[in-house]
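Student: Quick one, fold the following:
(2 chains)
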Number of protein chains: 2
Amino acid sequence: MIYPVILCGGSGTRLWPRSRKALPKPFLPLVGERTLFEATVRRTIDPEFFASPTVVTGAAHLAHVRDQLAPICAGTTIVEPSAKNTAPAIALAAQSMPRPDALMLVCPSDHYIADVSAFQDAAKRAAALAEQGHMVAFGIAATAPETGFGYIRKGAALEGGYEVERFVEKPDLETAIAFLADGNYSWNGGIFAFRADAFLAELAAHRPAMAEAVRVSVDQGETRGAELYPAAEPFAAIEGDSIDYAVMENTQRAAVVPVSMGWSDIGNWQALREARAGDAQGNRVRGRAELVDCKRVLVETDGPRVSAIGLEDVAIVVDGDEVLVTTMAGTQKVGKLDGAANQ
Amino acid sequence: MIYPVILCGGSGTRLWPRSRKALPKPFLPLVGERTLFEATVRRTIDPEFFASPTVVTGAAHLAHVRDQLAPICAGTTIVEPSAKNTAPAIALAAQSMPRPDALMLVCPSDHYIADVSAFQDAAKRAAALAEQGHMVAFGIAATAPETGFGYIRKGAALEGGYEVERFVEKPDLETAIAFLADGNYSWNGGIFAFRADAFLAELAAHRPAMAEAVRVSVDQGETRGAELYPAAEPFAAIEGDSIDYAVMENTQRAAVVPVSMGWSDIGNWQALREARAGDAQGNRVRGRAELVDCKRVLVETDGPRVSAIGLEDVAIVVDGDEVLVTTMAGTQKVGKLDGAANQ
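Tutor: The predicted structure follows:
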């Protein structure tokens, strides 16, 4: 049995103005009819293999989690007292598992995966390695020389995967091109599998203060129905850190499970365009719009009609009192806009 | 004394969505703080040379004319019973002049003129020729191989202008380039000067039914204060025509007064961009906007903030529930958009 742990943290500014602090990316139906969060939950609905999910989120997004989780399945929600990055969030879940050797599958809630079967197959391979004590990362087949992701270099073969030779920080373009050609590098998509006790042991070894603070926070926490409220004070003292830095780069038992599953982090409007099906001209339209002589244009509007003429590789997003128009190359800079930074 | 006749017809769709049927181009402050109509009226405010203006408009725009004319000056407004193009509109004004030999200066109300002194100087030269019985057109110095305007080829020199050798229909690009190089061709901007009696005589010669219908319509019309309402029935029977076709291309007495006055018909969003002063990157912004890595971008928004990244030579117009995004080359096609056509 695999215990899905779904992380609903961070607000994200790169899909502004559609994604806003009050209603961020995981809770929006960005690809297809379902929100990214709903799709993430549904990928692990299979009682033969998956237990009901544990969602880790902050108070700010709790209402969205309640709204979107309940119609799909029962589940436990852990309400983080404060945002401390992924390592403490996962530790909260590990501390709360119904059994110490529970096989956890940690999934970000704001990624898109086109091929759910491939995801589930990889989850099972990862679970098998995790059962043996490995700290497993999904190694997502690189399809472009991306400079925005960390990479994983695989080492010796294991059953269903590989040892991790090393984790690599976001590379420059030249290095990313070399990685893509090399074939031994995959993307680190932030999806992990391990036993709860194995994770907590690694955390205790590499971040002992964090591990202890999380333990105390859960011990002193409160349970209200299916919601767990860890104590705020011990948690507040934690120095936040990612699972990558805190655990994966330090453990001796890292493994990687290669997977090609049509994955996207929907990291900006260009990535969202790629994840959506286009028409004959490559245009993607949501909402009222008329496009004339346009190619590979993304239009997203929550009401006003968008009329566009002669554009190529441009994103137009209308949301409330904000209008964003950017080249695809410019989508990297959306998070730095006044509107995105000061929402 | 010159009698200004200001034509406020047609709605125009090429500046949609800012210009709408209910509030069209002449009544919008598109360049500077004043509306194009206000600026047109103000160009002829000089009691030494100009009488108070006669405005010809339709019932649909009468409220705007009243609102915008009254704060500037007294004037007569002729309310066209129906839209019949420029020849009948000008004929209504000619029939209503306080004296048969009044020197009329016919001006469209939706053009921009940067150099008012040059305009006034040309008006005086045109009036002098008109006094001698000429039918005078302003010949606007061509600054580009425009294919959207008619051209005037000048002939023998006159005092303050030239005889017209011929009027030329909108040329193709090759011809327009040749006209620009030739130096004898100027743009026909729709600004004309003539004696009222001379105009009516030409009209009677070349469009006798139209001339008679206008005469009857004015005879049977009503005056309410400073507003003249020609009778609808005789006017409705008129076959509409432009002054160019009905009179200027037929008269033996056509003259042209060359003028370079920073003229623009503000015929589309690109023309509007050119008429406005830009910043160091050539961007023109009205309303709330943040531009990053943009060049020669026009932004016009009536409320929502526009954020733009990486664009060059693009116009972004936000007006009510409409958002227009077009390349400058695409601005020619704005009038054909669903929104513009079906407003």
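
Student: mind checking how far A:K25 is from chain B?
Tutor: 18 Å (CB to the nearest CB, to the nearest Å). Any C-beta I mention is one placed from the backbone N, CA and C, and that applies to glycine too.

Student: Pull up the residues of chain A that are close to chain B.
Tutor: Chain A comes close to chain B at residues A:17, A:290, A:292-293, A:301, A:303-311, A:314, A:316, A:318, A:320-327, A:329-331, A:333-334, A:336-340, as judged by CB under 8 Å from any CB of the partner chain.

Student: Write a ChimeraX command that selects only the buried members of those residues.
Tutor: To isolate the buried ones among those in ChimeraX, judged by 16 or more other CB atoms under 10 Å in any protein chain shown, type:
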select /A:17,290,292,293,301,304,305,306,307,308,309,310,311,314,316,318,322,323,324,325,326,327,330,331,333,334,337,339,340
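
Student: and the residues of chain A next to chain B, which of them are in strands?
Tutor: Members of those lying in strands (criterion: DSSP state E): A:290, A:292, A:301, A:305-309, A:314, A:316, A:318, A:322-327.

Student: Looking at stretch A:81-89 now, give me its mean pLDDT.
Tutor: Stretch A:81-89 comes out with an average pLDDT of 96.

Student: I misspoke; the intended subject was stretch A:101-119.
Tutor: Stretch A:101-119 comes out at a mean pLDDT of 97.

Student: Phi and psi next, for A:I152.
Tutor: A:I152 has phi and psi values of phi -120, psi 130 when expressed as degrees, to the nearest 10.

Student: before we move on, what about the one 4 residues further on?
Tutor: Note on A:A156: backbone dihedrals following degrees, to the nearest 10 are phi -70, psi 150.

Student: what are the bridge partners for A:A315, then?
Tutor: A:L298, A:T326 (DSSP bridges).

Student: Next one, pLDDT for it please.
Tutor: 98.

Student: same thing with A:G240?
Tutor: At A:G240, the model reports a pLDDT of 96.

Student: For chain A, just list every one of the helices.
Tutor: A:36-42, A:62-69, A:86-96, A:116-131, A:173-182, A:196-206, A:208-219, A:232-236, A:243, A:269-275, A:338-341 (DSSP state H).

Student: what would the ones you listed look like in TSV with distance to B:W269?
Tutor: Putting the helices of chain A into TSV (distance: least, CB to CB, whole Å) gives the following:
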stretch	distance to B:W269
helix A:36-42	37
helix A:62-69	40
helix A:86-96	48
helix A:116-131	46
helix A:173-182	37
helix A:196-206	58
helix A:208-219	57
helix A:232-236	54
helix A:243	51
helix A:269-275	24
helix A:338-341	24
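
Student: which one of those helices lies closest to B:R286?
Tutor: helix A:338-341 (17.6 Å; CB to CB).

Student: Would you mind listing the outside residues contacting that closest one?
Tutor: Here helix A:338-341 makes contact (CB atoms under 8 Å, 6 or more residues apart in numbering or on different chains) with A:T13, A:R14, A:W16, A:P17, A:E322, A:L324, A:V334, A:G335, B:E290, B:R305, B:S307.

Student: Kindly tell me how buried the nearest residue to A:G278 once chain neighbours are set aside is, as a neighbour count.
Tutor: Nearest non-adjacent residue to A:G278, counting by CB to CB, 6 or more residues apart in numbering or on different chains: A:R284, 5.2 Å away. For A:R284, the count of nearby residues is 18 (other CB atoms under 10 Å in any protein chain shown).

Student: cool, A:Q132 as well?
Tutor: Neighbourhood size, A:Q132 [other CB under 10 Å]: 13.

Student: Then A:G189?
Tutor: Neighbour tally, A:G189, other CB under 10 Å: 22.

Student: Before we move on, what's the pLDDT of it?
Tutor: A:G189 is given a pLDDT of 95.

Student: What's the mean pLDDT across stretch A:284-294?
Tutor: For stretch A:284-294, mean pLDDT is 98.

Student: can you give me the angle the longest strand anywhere in chain A makes with helix A:173-182?
Tutor: Identified as the longest strand of chain A according to DSSP E is strand A:185-195. Going by axes from the mean of the first three to the mean of the last three CA atoms, to 10 degrees, strand A:185-195 is angled at 80 degrees with respect to helix A:173-182.

Student: Dump strand A:185-195 to CSV, restricted to CA.
Tutor: The C-alpha trace of strand A:185-195 is given here as CSV (Å, rounded to 0.1, in the frame of the first residue of the first chain):
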residue,chain,number,x,y,z
TYR,A,185,20.5,12.7,-16.8
SER,A,186,16.9,13.2,-16.0
TRP,A,187,14.8,16.0,-14.4
ASN,A,188,14.2,16.1,-10.7
GLY,A,189,10.5,16.8,-10.6
GLY,A,190,10.1,16.8,-6.9
ILE,A,191,8.3,13.4,-6.7
PHE,A,192,9.8,11.1,-4.1
ALA,A,193,9.1,7.7,-2.5
PHE,A,194,10.5,6.3,0.8
ARG,A,195,9.5,4.6,4.0
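
Student: which other helices and strands contact that strand?
Tutor: Applying 3 or more CB pairs under 8 Å, 6 or more residues apart in numbering or on different chains; DSSP states H and E, one finds that strand A:185-195 contacts strand A:103-108, helix A:116-131, strand A:135-141, strand A:151-158, strand A:254-259.

Student: give me that answer again for 6 Å
Tutor: strand A:103-108, helix A:116-131, strand A:135-141, strand A:151-158 (3 or more CB pairs under 6 Å, 6 or more residues apart in numbering or on different chains; DSSP states H and E).

Student: just the angle between it and strand A:135-141, please?
Tutor: Orientation check (the same axes, to 10 degrees): strand A:185-195 against strand A:135-141 gives 150 degrees.

Student: List the contacts of strand A:185-195.
Tutor: Residues from elsewhere that reach strand A:185-195, judged by CB atoms under 6 Å, 6 or more residues apart in numbering or on different chains: A:101, A:105-108, A:126-127, A:130, A:135-140, A:142, A:149-153, A:179, A:258, A:263.

Student: any idea how far the closest residue to chain B within the stretch 51-200 of chain A lies from A:Q332?
Tutor: Proximity of the stretch 51-200 of chain A to chain B (CB to the nearest CB) peaks at A:G148, 16.8 Å away. To A:Q332, A:G148 is 8 Å away according to CB to CB, to the nearest Å.

Student: Neighbours of the nearest residue to A:V257 once chain neighbours are set aside, how many?
Tutor: With sequence-adjacent residues excluded and distances taken as CB to CB, 6+ apart, A:V257 is closest to A:G161, at 4.1 Å. Using other CB under 10 Å, A:G161 has 24 other residues around it.

Student: quick one, what contacts A:Q343?
Tutor: By CB under 6 Å, 6+ apart, A:Q343 lies in contact with A:R20, A:K21.
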